[in-house]
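[1] let's see this in three dimensions:
(one chain, ligands or ions: 1)
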Amino acid sequence: MLFAEGKGTQVTMKTEVCIIGAGPAGLCASIFAAQAGAKTLILERNTTAGRKLLRTGRGRCNLTHTGSVEDFVKAYGPFGRFLKHSLYEFSADDLQQYFAQRGLDTRTEEDGCIFPRTDRASDVARILIDHARMLSVRFLCGRTARSIEKKQDGFVALADKETVLAKAVIIATGGVSWPATGSTGDGYQFARSFGHTIVTPRASLAPLVTAETWLGPRREASLTGLAGVAVPSVVIKARIANRRLSASGPLMFTGTGIGGPAALDLSRLITDFLPDHANPIKAAIDLMPQYQIDQLDKEILALCSQHPKKTAAATLANLLPRSLVSSLFTQIDLSETILAGQLPREQRMRLVKMLKELRVSIVATCPIAQATVTRGGVSIEEIDPKTMESKLCPGLFLAGEVINADGPCGGYNLQIAFSTGHLAGKAAAKKLLAERPTNR
Ligand SMILES: Cc1cc2nc3c(=O)[nH]c(=O)nc-3n(C[C@H](O)[C@H](O)[C@H](O)COP(=O)(O)OP(=O)(O)OC[C@H]3O[C@@H](n4cnc5c(N)ncnc54)[C@H](O)[C@@H]3O)c2cc1C
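    Numbers count the residues shown, from 1 in each chain. This is a model prediction of the structure:
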């Protein structure tokens, strides 16, 4: 800090880089700005840093995913090209190495998701905060930034009790999901005040609401059992405007529709279409993707032949949760008392078809406040992908979820926060150091 000067109750502070938001993007930006030699300060509305980070991966923090930079670029779809440079500068391997060097090894799960070996998001947050403090980053927690203005000689950020004068500002305020963690969309107002376009925020990685009441507890008391029922591996396919979309992974019935990674990933692909889609989006869930249709038929036939005296429903519970089997039987008007040995071929085929192609009509995502991430935000067209600097306002940088770039489930969104935060912090510091008078 260069100086702090009291003026009534408002304190004026001078710094080189001012970061708004101490989530993973802001923390990472602060570390790399300070490490590059810039005096750095963070304004954070919460009394502690990284509140959302602590909730990630159900407290275990799915840090990132296995794969090369090119794999990541592909996974990010329309945002891959924009993110590519930041990923090359700070990849998933770099991220793991960063934590390993600070005593936190990582573990890769079967599905490619990478977690800290301790399974504690709090360890991830602690390392980032301690490192930033060690580099003399000044934390002003419990301070909400209210406005940012560009002046001739830099920026003025107004917080509750502080006026921060800075040479560069990094907006790392997150999206609008889970607002109780502090991300309430303030960054959009700040960016807008500099002329930036905000792509309409939409719920992404969000449970989907379906029209089928039998999937949940809304109509028939007898079908209440489906909420909370999970299937370990499904493929969901949808078609919108001649585009075939598909997502795979575990699925969970939610009571109002479907959730779990497969549904959340599909939500990311269809969220832009849902508000304007007059009719529900038709989707088909393959509940048994490990089998081809004829293989599944043979498998069911074999199970029924092995247990001819058991009910067909109980026999099928070898393949799927019992409550789901009951619901499916009801859907095709099949009695649950029918014995496996007496299951007619035609009924078996209808069952197989339903297991391979359970049709649902998607009417909405859950509200954006409950979505895991926000799709939308500051337009990537207006940000330099080599530095994360605004193309409209020199000295203003953006990092993390405030940018219109999001990824699928599996650690891809934290990787965006870390990669863009790293790049913004480094680039902001580099710019300032180049401009710093040499006689200081
Ligand atoms: C429940 C949950 C679980 C998740 N799990 C995972 C996971 O396992 N893996 C994964 O990759 N992603 C996960 N995500 C997504 C991931 O957490 C976010 O993408 C990531 O936190 C975005 O980082 P960020 O720093 O850009 O924003 P945030 O983490 O939202 O941080 C923004 C910060 O800015 C502060 N702020 C906002 N406005 C102001 C203001 N005006 N003044 C001062 N401070 C302000 C906020 O208080 C907040 O601390 C999860 C999200 C949720 C909600």
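
[2] find the closest residue to the ligand in the stretch 301-440 of the chain.
    At 2.2 Å from the ligand, residue 400 is the closest residue in the stretch 301-440 of the chain, using C-beta to the nearest ligand atom. Where C-beta positions appear, they are placed from N, C-alpha and C, glycine not excepted.

[3] for that residue, phi and psi?
    When read as degrees, to the nearest 10, the backbone of residue 400 gives phi 80, psi -150.

[4] so what's it closest to, chain neighbours aside?
    In this structure, residue 400 finds its nearest non-sequential neighbour in residue 25, 2.7 Å apart by C-beta to C-beta, 6 or more residues apart in numbering.

[5] could you do residue 84 as well?
    The shortest distance from residue 84 to any non-neighbouring residue, by C-beta to C-beta, 6+ apart, is to residue 73 (5.1 Å).

[6] sticking with the one you found, tell me its helix or strand.
    Using DSSP states H and E, the element containing residue 73 is helix 69-75.

[7] who are the packing partners of that helix?
    helix 80-89, helix 412-435 (3 or more C-beta pairs under 8 Å, 6 or more residues apart in numbering; DSSP states H and E).

[8] are that helix and the ligand in contact anywhere?
    No: using C-beta under 6 Å from any ligand atom, helix 69-75 stays clear of the ligand, coming no nearer than 11.4 Å.

[9] and if you look at stretch 374-383?
    No: judged by C-beta under 6 Å from any ligand atom, stretch 374-383 stays clear of the ligand, getting no closer than 8.2 Å.

[10] and for stretch 28-38?
    No: applying C-beta under 6 Å from any ligand atom, one finds stretch 28-38 separated from the ligand by no less than 8.0 Å.

[11] do the same with stretch 128-141
    No: Stretch 128-141 lies apart from the ligand when judged by C-beta under 6 Å from any ligand atom; the minimum separation is 8.7 Å.

[12] quick one: mean pLDDT for that stretch?
    Mean pLDDT, computed over stretch 128-141, is 98.

[13] quick one, phi psi at the residue nearest to residue 400?
    According to degrees, to the nearest 10, residue 25 has phi -70, psi -50.

[14] equivalent analysis for residue 362, please.
    Torsion angles, degrees, to the nearest 10, at residue 362: phi -90, psi 120.

[15] with adjacent residues omitted, what lies nearest to it?
    In space, and not counting its chain neighbours, residue 362 is closest to residue 281: 4.4 Å by C-beta to C-beta, 6+ apart.

[16] which residues touch that neighbour?
    238, 240, 270, 273-274, 361-362 (C-beta atoms under 8 Å, 6 or more residues apart in numbering).

[17] possible to save those as TSV with pLDDT, distance to the ligand and neighbour count?
    Output for these, formatted as TSV (pLDDT from 0 to 100; distance: C-beta to the nearest ligand atom, whole Å; neighbours: other C-beta atoms under 10 Å):
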residue	pLDDT	distance to the ligand	neighbour count
238	95	23	21
240	88	25	16
270	92	19	21
273	86	22	16
274	82	20	19
361	92	27	14
362	93	21	25
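
[18] nearest to residue 296 among the residues you listed?
    residue 238 (21.7 Å; C-beta to C-beta).

[19] for the closest one, pull up the helix or strand it's in.
    strand 230-240.

[20] who touches that strand?
    With contacts defined as C-beta under 8 Å, 6+ apart, strand 230-240 is touched by 244-253, 258, 260, 262-263, 266, 269-270, 273, 277, 281-287, 289-290, 320-321, 324, 362.

[21] buried subset of those residues?
    Buried members of those, scored by 16 or more other C-beta atoms under 10 Å, are 245-253, 258, 260, 262-263, 266, 269-270, 273, 281, 283, 285-287, 320-321, 324, 362.

[22] in helices only, show me those residues.
    260, 262-263, 266, 269-270, 324 (DSSP state H).

[23] got the residues of this structure near the ligand?
    Residues of the chain lying near the ligand (C-beta under 6 Å from any ligand atom): 20-26, 43-46, 51-53, 55-57, 61-62, 144-145, 172-174, 177-178, 182-183, 186, 372-373, 400-401, 411-414, 417.

[24] now, the residues you listed that are in helices?
    Per DSSP H, the residues of the chain next to the ligand map to helices at 24-26, 51-53, 55, 186, 412-414, 417.

[25] can I get those in JSON lines with distance to residue 168?
    Listed next are these as JSON lines, based on distance: C-beta to C-beta, whole Å:
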{"residue": "24", "distance to residue 168": "20"}
{"residue": "25", "distance to residue 168": "15"}
{"residue": "26", "distance to residue 168": "13"}
{"residue": "51", "distance to residue 168": "25"}
{"residue": "52", "distance to residue 168": "24"}
{"residue": "53", "distance to residue 168": "24"}
{"residue": "55", "distance to residue 168": "30"}
{"residue": "186", "distance to residue 168": "18"}
{"residue": "412", "distance to residue 168": "27"}
{"residue": "413", "distance to residue 168": "25"}
{"residue": "414", "distance to residue 168": "24"}
{"residue": "417", "distance to residue 168": "19"}
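
[26] my read is residue 313 is in a strand, agree?
    No: counting by DSSP: H, G, I helix; E, B strand; the rest coil, one finds residue 313 to be helix, located in no strand.

[27] quick one: it and residue 330 touch, right?
    No: counting by C-beta atoms under 8 Å, residue 313 stays clear of residue 330, with 10.2 Å between them.

[28] so between these two, which is more surrounded?
    residue 313 (20 against 15; other C-beta atoms under 10 Å).

[29] now do the contacts for the more buried one.
    Going by C-beta under 8 Å, 6+ apart, residue 313 touches 322, 325-326, 329, 336, 338.

[30] now swap in residue 160 and tell me
    143-144, 146.

[31] so where does it fall, helix or strand?
    Applying DSSP H and E, one finds residue 160 in no helix or strand.

[32] from residue 21, how far out is it?
    Distance, residue 160 to residue 21, using C-beta to C-beta, to the nearest Å: 15 Å.
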